[in-house]
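Asks: sequence and predicted structure, then a few things I'm wondering about:
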Amino acid sequence: MGFSTALGDTHEVDLPGGRIRYHETGTGSPVVFVHGLLVNADLWRNVVPGIAAAGYRCLTPDWPLGAHEIPVPDLDLTPAGVADLIAAFLDKLDLTDVTLVANDTGGALTQILMTRHPARIGRVVLAAVDSYEGFLPMPFSLLGWIAKIPGSIRPLIEPMRIRALHKTPLAFGLVAKRMPPPEIADSYLLPSRRSGAIRKDLRRFLKSANNSYTLEAAKHFSSVDFPVLLVWSREDKIFPLSFAQRLAGDLPHATLRVVDDSYTFLPEDQPELLTDAILEFTRLHATP
């Protein structure tokens with residue numbers, strides 16, 4: 001939806017299977033952001049300005065994960081299909097030596113991308129993400145079963161009209177320690193409430209989202225030859241720190257940084273700490 005002007009100028013790009021919207025600001029080496037389920041580029045509104053100011057080109061797409069505004073009825077919305085879409089975006093814009101920054105479901109998609117299309121990737125930041133058996137994690141894995149029922153998405157989304165519910169586990173309660181402001185919550189939740197086509201896209205992704213994709217990606221972690229930074233919340237309610245430690249052990253060039261006073265949505269709860277971690281990592285692993 002791109003409510004926040006902090007993300008820069010808004011563009012659209014045609015990719016195989018559909019069109020997506022993205023936002024761009026800054027110049028320099030490219031940093032591409034990958035959000036998760038039922039949020040969009042606005043998740044990064046408090047991270048992008050600091051990264052851009054430090055001399056990077058920040059690109060924040062609205063990936064078709066339920067809070068996008070351009071329907072993609074012809075796109076393969078399996079996790080592998082969305083990972084291929086991210087690869088197509090990097091190809092279309094001819095981005096090289098890319099720093100990928102992912103959160104939540106976007107991290108699962110990025111792991112698939114890392115093992116299917118590594119050529120344009122220079123380094124990766126996985127900030128509290130789905131992995132291994134935890135894709136989708138409980139209780140969100142129930143959405144995959146519910147999505148198999150025709151017409152099931154609208155009854156799930158409609159109660160989100162009630163702002164008091166945003167603090168509950170039905171919405172942001174498990175993932176954000178600090179609630180997004182109302183206009184950002186609307187940016188996340190209104191597209192699927194307003195559009196049947198967006199709900200169809202969301203349902204297609206949810207029906208196919210299961211841990212066979214992340215477990216398959218994990219089989220190929222030993223071949224990942226670029227650096228990976230894992231940023232994890234000690235208080236995360238859905239992704240235990242043990243998952244981060246497992247990733248750190250399986251990825252050959254991974255380091256782990258633990259953050260306090262946050263849940264899964266690090267870009268919402270601790271944007272300054274996340275920004276500092278990204279910049280320290282990119283400088284440490286800058287291409288000569």
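Replies: Thanks, I have it. Residues are numbered from 1 along each chain as shown.
Asks: can we go C-alpha only for contacts and neighbour counts from here?
Replies: Noted.
Asks: now the strands: where do they sit in this structure?
Replies: Ranges of strands within the chain are 9-15, 18-25, 29-34, 56-61, 98-104, 121-129, 228-233, 254-259, based on DSSP state E.
Asks: which of the ones you listed sits closest to Phe172?
Replies: Nearest to Phe172 among the strands of the chain is strand 98-104 (12.5 Å), distances taken as CA to CA.
Asks: give me the mean pLDDT for the closest one.
Replies: The pLDDT scores in strand 98-104 average 98.
Asks: picking that back up, reformat the strands of the chain as JSON lines; add distance to Glu69 and mean neighbour count.
Replies: Shown next, in JSON lines, are the strands of the chain (distance: least, CA to CA, whole Å; neighbours: other CA atoms under 10 Å):
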{"stretch": "strand 9-15", "distance to Glu69": "11", "mean neighbour count": "13"}
{"stretch": "strand 18-25", "distance to Glu69": "8", "mean neighbour count": "20"}
{"stretch": "strand 29-34", "distance to Glu69": "16", "mean neighbour count": "23"}
{"stretch": "strand 56-61", "distance to Glu69": "12", "mean neighbour count": "24"}
{"stretch": "strand 98-104", "distance to Glu69": "20", "mean neighbour count": "24"}
{"stretch": "strand 121-129", "distance to Glu69": "24", "mean neighbour count": "25"}
{"stretch": "strand 228-233", "distance to Glu69": "29", "mean neighbour count": "24"}
{"stretch": "strand 254-259", "distance to Glu69": "32", "mean neighbour count": "17"}
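Asks: mind putting those strands in JSON lines, distance to Ala217 included?
Replies: As requested, the strands of the chain are arranged in JSON lines below (distance: least, CA to CA, whole Å):
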{"stretch": "strand 9-15", "distance to Ala217": "24"}
{"stretch": "strand 18-25", "distance to Ala217": "25"}
{"stretch": "strand 29-34", "distance to Ala217": "17"}
{"stretch": "strand 56-61", "distance to Ala217": "23"}
{"stretch": "strand 98-104", "distance to Ala217": "16"}
{"stretch": "strand 121-129", "distance to Ala217": "14"}
{"stretch": "strand 228-233", "distance to Ala217": "15"}
{"stretch": "strand 254-259", "distance to Ala217": "16"}
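Asks: and those: which comes nearest Leu202?
Replies: Comparing those by CA to CA, strand 18-25 comes nearest, at 14.6 Å.
Asks: what's that closest one packed up against?
Replies: strand 9-15, strand 56-61 (3 or more CA pairs under 8 Å, 6 or more residues apart in numbering; DSSP states H and E).
Asks: redo the ones you listed as TSV? Include mean pLDDT and distance to Pro118.
Replies: Output for the helices and strands packed on strand 18-25, formatted as TSV (pLDDT from 0 to 100; distance: least, CA to CA, whole Å):
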stretch	mean pLDDT	distance to Pro118
strand 9-15	97	19
strand 56-61	98	18
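Asks: which one of those lies nearest to Leu284?
Replies: Nearest of the helices and strands packed on strand 18-25 to Leu284, taken as CA to CA: strand 56-61 at 14.5 Å.
Asks: direction included, what does that closest one pair against?
Replies: Neighbouring strands of strand 56-61 in its sheet, by DSSP bridges, are strand 18-25 (antiparallel), strand 29-34 (parallel).
Asks: tell me the angle that strand makes with strand 9-15.
Replies: 60 degrees (axes from the mean of the first three to the mean of the last three CA atoms, to 10 degrees).
Asks: roughly how far is strand 56-61 from the heart of the chain?
Replies: In terms of CA atoms, centre = their mean, to the nearest Å, the centre of strand 56-61 is set 13 Å apart from its chain centre.
Asks: tell me the contacts of the residue nearest the centre of the chain?
Replies: Geometric centre of the chain, nearest residue: His35, 2.2 Å, by CA atoms, centre = their mean. Contact analysis of His35 by CA atoms under 8 Å, 6 or more residues apart in numbering lists 41, 43, 62-63, 102-107.
Asks: count of neighbours near the closest residue to it other than its chain neighbours?
Replies: Using CA to CA, 6 or more residues apart in numbering and skipping the chain neighbours, the partner closest in space to His35 is Gly106 (4.9 Å). Counted with other CA atoms under 10 Å, residues neighbouring Gly106 total 26.
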